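In: Predicted model and sequence follow; I will ask about them next.
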Amino acid sequence: MSLHLERRALLRGMGVALALPWFESLARAGVRAVPAPRRAIFLYVPNGIHMPDWRPRGEGEALELGPTLEPLAPWRDSLLVISGLTHDKARPHGDGPGDHARSAGAFLTGCHVAKTDGPIQAGISADQLAARELGNETRLRSLELGCEPGRLGGQCDSGYSCAYSNTIAWSGTHTPLAKETDPRLVFDRLFRDEASELPEALRDEFRRRRKSVLDFVRDDVKRLEKQLGTADQRKLDEYESGVRELERRIAFLEKRSAEAGIERPDALPENYADLAKLQFDLLALAFQTDSTRIATMMLANEGSGRSYVALGAPEGHHELSHHGGDPEKLRKIAAINRHHIELLAHLLTALSRKEGEASILDSTLVAYGSGISDGDRHNHDDLPILLAGGRACDVRGGRHLRVPDETPCTNLWLSLLERLGVQAAALGDSTGRLEGLA
């Protein structure tokens, strides 16, 4: 086993690679300190939004959160709600129905996806432009997460490939990236040492005894503790407790799904909130340990028919989104929208952990939104888009920014890439960088 110390401590042992948070004690001991890395996560919600409840009251610094965004009140000063952005390439342009597929396919690419029985076609997505530049500095180039499984083949929406509805990440024109919906596999990606294959006997040992990854690096952890001051020892203890708690929750979901005769916990609709929170906690852990700096997350596939029984919405989400102005359907859509925002609040809480004198959220650009505005109209203008965090990335929150109508959403993505240190001349249908973020 070895102890590698630079900005992060990385402990390796018996097929496990455990990255640790930044410790001030190590900096004082002469370990080279660098500023916190800049990161980004792009979050997608399907089927549009009930815009009257989403849209803030007041513009500029007179930001007043509406009913949907109210759960984000503790982070008001870190929020930038943007109105007026458009995804023109999600419109038909002669291709007829298929707005759901086009909206997700265009969300980070700004490209009009191909409606064809032949090869799928979109374009590289903003997250993957960032991953190309920043991915070599971390164990994982990027993370693609989700809460609903979905195939990348076959047709899902009016002749469009399922790939367009089931992922927002594209590493190239013809290459969609599958999202990971099983938190157990996400955990393995974060902590398994890819430099060495786990022997079958060790994999059996993990399964048989449910050993914590911490048990395999225990000796190094003990040596590390001796180098840390009191505050950092407390941080290490909190970090270990967090890892063990994630393992416990994964094991619990795994046991419950097995008892129900279902292989994967994400297949249980009643566990949706638990799954989403677990994925978000793993994502925050990935950023905390600098395992990756770029991630995408789909809270559900585009066109999702998921039911939200606990919210009093037993109908499918997609069905409800075609509300026709029905007040009861609109009430249920608003409840689903607010529930998704409550899950976002869970992520922001996890990202609020201290990192040096600031928080992880301060150096993380969190972009949240949908490629559809009103689900009944299937319109792709005046989209529901917000940013959270990113104070160290020159984004000023506490505001409602209204931009000119028909401003390409890709202009925003270009501006975020620039703040990550990634220079891109254009992205999809972009016409320049979005002003007014700083």
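Out: Received the coordinates, thanks.

In: rest of the way, CA atoms for contacts and neighbours
Out: OK.

In: So which residues of the stretch 301-438 of the chain form strands?
Out: 307-308, 313-316, 354-355, 358-359, 364-369, 385-389, 399-408 (DSSP state E, counting those that start in this stretch).

In: To Cys147, which of those strands lies closest?
Out: Of all these, it is strand 307-308 that lies closest to Cys147, at 13.3 Å by C-alpha to C-alpha.

In: any idea of the mean pLDDT in the host helix or strand of Ala130?
Out: Following DSSP states H and E, the helix or strand that holds Ala130 is helix 126-134. Across helix 126-134, pLDDT averages out at 96.

In: Quick check: buried residues in that helix?
Out: Within helix 126-134, the residues scored as buried using 16 or more other C-alpha atoms under 10 Å are Ala126, Asp127, Gln128, Leu129, Ala130, Ala131, Leu134.

In: Same check on stretch 390-410?
Out: Quick answer for stretch 390-410 (16+ other C-alpha under 10 Å): 390-401, 403, 407-410.

In: quick one: low-confidence ranges for the stretch 1-150 of the chain?
Out: Where the stretch 1-150 of the chain drops to pLDDT under 70, the residues are 1-34, 117.

In: on that earlier part again, tell me the first helix or strand C-terminal of the helix holding Ala130.
Out: strand 143-146.

In: could you say what helices and strands that next one packs with?
Out: If you count contacts as 3 or more C-alpha pairs under 8 Å, 6 or more residues apart in numbering; DSSP states H and E, strand 143-146 packs onto helix 272-288, strand 294-298.

In: Highest mean neighbour count out of the ones you listed?
Out: Highest mean neighbour count among the helices and strands packed on strand 143-146 (mean count of other C-alpha atoms under 10 Å): strand 294-298, with a mean of 26.

In: how about the strands of the stretch 51-200 of the chain, start to end?
Out: 79-86, 143-146, 155-157, 160-161, 170-172, 175-176.

In: Quick one: closest of those strands to Arg38.
Out: Closest to Arg38 of these, according to C-alpha to C-alpha: strand 143-146, at 15.2 Å.

In: roughly how far is that closest one from the heart of the chain?
Out: 7 Å (C-alpha atoms, centre = their mean, to the nearest Å).

In: For the residue lying closest to Ile385 once chain neighbours are set aside, list each beta-bridge partner.
Out: Closest residue to Ile385 apart from its sequence neighbours, by C-alpha to C-alpha, 6 or more residues apart in numbering: Gly369 at 4.5 Å. Counting by DSSP bridges, Gly369 forms beta bridges with Tyr44, Ile385.

In: returning to what we had before: weakest of the strands of the stretch 301-438 of the chain in terms of mean pLDDT?
Out: strand 354-355 (a mean of 84).

In: Given that strand, what are its sheet partners and their directions?
Out: Strand 354-355 pairs in its sheet with strand 358-359 (antiparallel), by DSSP bridges.
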